[in-house]
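Enquirer: need coordinates for the following:
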Amino acid sequence: MKLRPLYALILLPGLAAAQTGDLRLPITLAADSTDYDGKSSMMMFQGLRLSQGTTNIEADEGRATKIDFEDSTWHFNGNVVIDVEAGHIESDSAELRFKDTQLRLAIFEGAPATFELRRPDSDEITYAEAGRLKYDFDTGTVEFSGDAIISEGGNRISSSYLLYNIVEQRISAQSSGEGDEKVKITVIPETAEERLPRGDELP
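Expert: Here you go, the predicted structure:
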C-alpha cells in the first residue's frame, strides 16, 4: 500500500516560498474602498485585491496593521481566495502574520476551507479541506481541525484532527472519540504497470 502522496503533503510551504521569494517585489493593492482607523492604527479595505509577485489575494474585506511584511498582521474575511504559483486556497477568513519580512503564522477558517496544490514533479492535485488550518512556520507544523480530509491520487485520510510535521514528513491523526467518528484511511493499490520500471512492459 502506498501512503507516500499523503505523507508528502506540502500545501502551505508553497505559500511560504512564494512569499519569501516575492518580499522585495512591489505590492499592488486595489480596493473598492479604503478607511484608516487611527485609534487602532488599522487600514481597512472593502473588495480587496492584493498581489505581490506570484501571490494573489482577494477578499470581500481586508485589514492590516501595516502595508508591508516587516512586522504586520493581515486579516481577510469573506470569499478569501489565495493563489500562489502551484497552489490555490479558498476560505471564509484568513490571518497572516509577518515578522522580520518572514511569514510566521497562517490561519485559515471556512465551512470548509479548501486547499489545492500541484507539485512540480507530478500532474496530480493534492486536495485538502478542514474547518480550520493553522500553519506555524517556526515549528514547521500544520494543524487541520474540523472534519479534516487530505487526498491525492485516490488515496485519502480523514479525521477530526490532523497534525503534519513538515521537517519529519510525518502526519498524525486523531479522532474526537465521539459517536462513530474515526480516523479513516483509503488507499488505492498500485497496479502492476505502475510498479514496472519505465520502458518495461508486461509480457
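Enquirer: what pairs with the longest strand along the chain, parallel or antiparallel?
Expert: In the chain, assigned by DSSP state E, the strand with the most residues is strand 102-118. Paired neighbours of strand 102-118 in the sheet (DSSP bridges): strand 87-99 (antiparallel), strand 125-136 (antiparallel).
Enquirer: using CSV, list the CA coordinates for it.
Expert: Provided in CSV are the C-alpha atoms of strand 102-118 (Å, rounded to 0.1, in the frame of the first residue of the first chain):
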residue,chain,number,x,y,z
GLN,A,102,9.0,36.4,7.1
LEU,A,103,5.6,34.7,7.2
ARG,A,104,5.4,33.3,10.7
LEU,A,105,1.8,32.1,11.1
ALA,A,106,-1.1,31.4,8.7
ILE,A,107,-4.6,30.6,9.9
PHE,A,108,-7.5,29.7,7.5
GLU,A,109,-11.1,29.0,8.5
GLY,A,110,-14.1,28.0,6.5
ALA,A,111,-17.1,25.8,6.1
PRO,A,112,-14.8,24.2,4.9
ALA,A,113,-11.6,25.9,3.9
THR,A,114,-10.2,24.2,0.8
PHE,A,115,-6.6,23.8,-0.4
GLU,A,116,-5.2,22.5,-3.7
LEU,A,117,-1.6,22.0,-4.7
ARG,A,118,0.1,20.8,-7.8
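Enquirer: tell me how far it is from the chain's mean position?
Expert: Here strand 102-118 shows a centroid-to-chain-centroid distance of 3 Å under the convention C-alpha atoms, centre = their mean, to the nearest Å.
Enquirer: now that strand: average pLDDT?
Expert: If you average the pLDDT over strand 102-118, you get 87.
Enquirer: and for stretch 166-185?
Expert: Average pLDDT, stretch 166-185: 68.
Enquirer: any idea which of the strands paired with strand 102-118 gets closest to S172?
Expert: When the strands paired with strand 102-118 are compared by C-beta to C-beta, strand 125-136 sits nearest S172, at 14.4 Å. All C-beta atoms are positioned from the backbone trio N, CA, C, and that covers glycine.
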